[in-house]
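>>> Structural data only, the sequence is not supplied:
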């Protein structure tokens, strides 16, 4: 099995303490890369019991897709988990469980964890196992290196709020692969507030990205 790296774009140490603490408690045998969007503040002066995270500078102005791609490049040749800094892993060894499912089922290009707070109801836990979905939000997503090599990385033209994850699902399907969620990896998305969208409230305009999505994928519902 490939190596596995968890990539966490973040601008706030308090979220990282909770997010990485949950990984330390539940998951071994992964590397962690923090893509630092903190205007120079040090996010890595915490002593972690199992791993030292790698602190990689992000680029300004903030762009989720670009900062994730920075982490994806640094993580090569590993498979990657893109993890929101407000998502807390609750399933023991949940990340490697998703990776094993991806290896057993190569027809799936990306696999998302289930969660409790999302705009996509198909990401709620159903206790079914691995199941195909048309798309999902990238709260916690496994992207195997084979998918990155065949599909590419996230589209950095999505510089506003949202749509880069929906777009990547379309890219995966256009490459003849499937999207799935996996019930046996669960992250809690209800306790923390996102810090990396570039807005104090976590909500900024989505219209620019929606317009670009419709231009790129005419006829596909957003």
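Looks like it came in fine. Being a predicted model, the structure only gives us computed values, none of them experimental.
>>> Longest strand in the protein, please.
Identified as the longest strand of the chain according to DSSP state E is strand 178-188.
>>> ok, residue 177 to residue 138 distance?
16 Å (CB to CB, to the nearest Å). C-beta: built from backbone N, CA, C; applies to glycine.
>>> returning to what we had before: what pairs with the longest strand of the chain, parallel or antiparallel?
Using DSSP bridges, the strands paired with strand 178-188 in its sheet are strand 88-89 (antiparallel), strand 108-115 (parallel), strand 130-133 (antiparallel).
>>> From residue 1, how far out is residue 142?
According to CB to CB, residue 142 and residue 1 sit 12 Å apart.
>>> who has more neighbours, these two?
Shown here are residue 142 and residue 1; by other CB atoms under 10 Å, residue 142 has more neighbours (29 against 10).
>>> In three-state terms, how would that one be classified?
strand (DSSP: H, G, I helix; E, B strand; the rest coil).
>>> Can you pull the phi/psi pair for the spatially most central residue of the chain?
Residue closest to the average C-alpha location in the chain (CA atoms, centre = their mean): residue 82, at 2.5 Å. Phi and psi for residue 82, reported as degrees, to the nearest 10, are phi -90, psi 120.
>>> Tell me which residues touch it, please.
7, 68, 71, 138, 140, 141, 143 (CB atoms under 8 Å, 6 or more residues apart in numbering).
>>> what is the rounded mean pLDDT of the helix or strand harbouring residue 15?
Per DSSP states H and E: residue 15 is located in helix 13-26. For helix 13-26, mean pLDDT rounds to 89.
>>> what's the angle between that helix and strand 178-188?
Calculated by axes from the mean of the first three to the mean of the last three CA atoms, to 10 degrees, helix 13-26 forms an angle of 100 degrees with strand 178-188.
>>> What helices and strands are in contact with helix 13-26?
Helices and strands touching helix 13-26, by 3 or more CB pairs under 8 Å, 6 or more residues apart in numbering; DSSP states H and E, are strand 4-10, strand 31-36, strand 88-89.
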